[in-house]
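Visitor: Can you look at this prediction? I've put the sequence above it.
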Amino acid sequence: MKGSDKLNDIKISPHFYLSEFESRDTKEVKISKELIDKLEILRDRLEGKPLYINSGYRTPEHNKAVGGADGSKHMEGIACDVRKVDGYSIDEMAEIAEDVGFTGIGKYDSFIHVDIRGHKARWDNRG
């Protein structure tokens with residue numbers, strides 16, 4: 001992402017850029033500092049391996065277009081989907097995410113969903 005002319009290519013933490021969290025339809029972005037802080041801790045717990053964000057903030061229109069839940073936490077800027085990290089299973093990543101303090105954790109075939117909603121929520125949508 002370095003060297004691009006994208007407006008949101010602003011480093012917001014040691015390992016993340018704002019552009020990684022923008023909605024794919026409008027480039028609009030809304031992101032919680034607490035979410036970023038927890039992602040940094042998650043990265044540390046995963047041996048410092050890079051985390052790739054599949055989906056961060058979503059506008060309501062984009063959320064609907066991708067089949068997101070009506071009350072998706074992505075639309076609040078408090079959720080993201082993180083691609084599976086080499087050397088870790090989805091179950092291992094979810095367990096570490098729980099230890100870090102993420103309250104919403106969803107398991108998918110190639111990524112985990114993490115969020116900081118105000119209550120515990122778990123689901124498994126693997127095929």
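Guide: Everything's here; your move.

Visitor: contacting residues for the closest residue to Lys120 other than its chain neighbours?
Guide: Closest residue in space to Lys120, ignoring its immediate chain neighbours: Thr103 at 5.5 Å, by C-beta to C-beta, 6 or more residues apart in numbering. (C-beta placed from N, C-alpha, C; glycine too.) Taking C-beta atoms under 8 Å, 6 or more residues apart in numbering as the criterion, Thr103 is in contact with Asp115, Ile116, Arg117, Gly118, His119, Lys120, Ala121.

Visitor: ok, now with 10 Å
Guide: 38, 73, 78, 97, 114-122 (C-beta atoms under 10 Å, 6 or more residues apart in numbering).

Visitor: Which per-residue confidence value corresponds to it?
Guide: Per-residue pLDDT puts Thr103 at 98.

Visitor: quick one on the thing from earlier: neighbour-wise, which of the contacts of Thr103 leads?
Guide: Neighbour tally across the contacts of Thr103 (other C-beta atoms under 10 Å): the maximum, 27 neighbours, falls on Val114.

Visitor: how much space is there between the residue nearest to that one when sequence neighbours are not counted and Arg58?
Guide: In space, and not counting its chain neighbours, Val114 is closest to Phe102: 4.3 Å by C-beta to C-beta, 6+ apart. Relative to Arg58, Phe102 is positioned 18 Å away (C-beta to C-beta, to the nearest Å).

Visitor: And Glu22, by the same measure?
Guide: As judged by C-beta to C-beta, Glu22 and Arg58 stand 10 Å apart.
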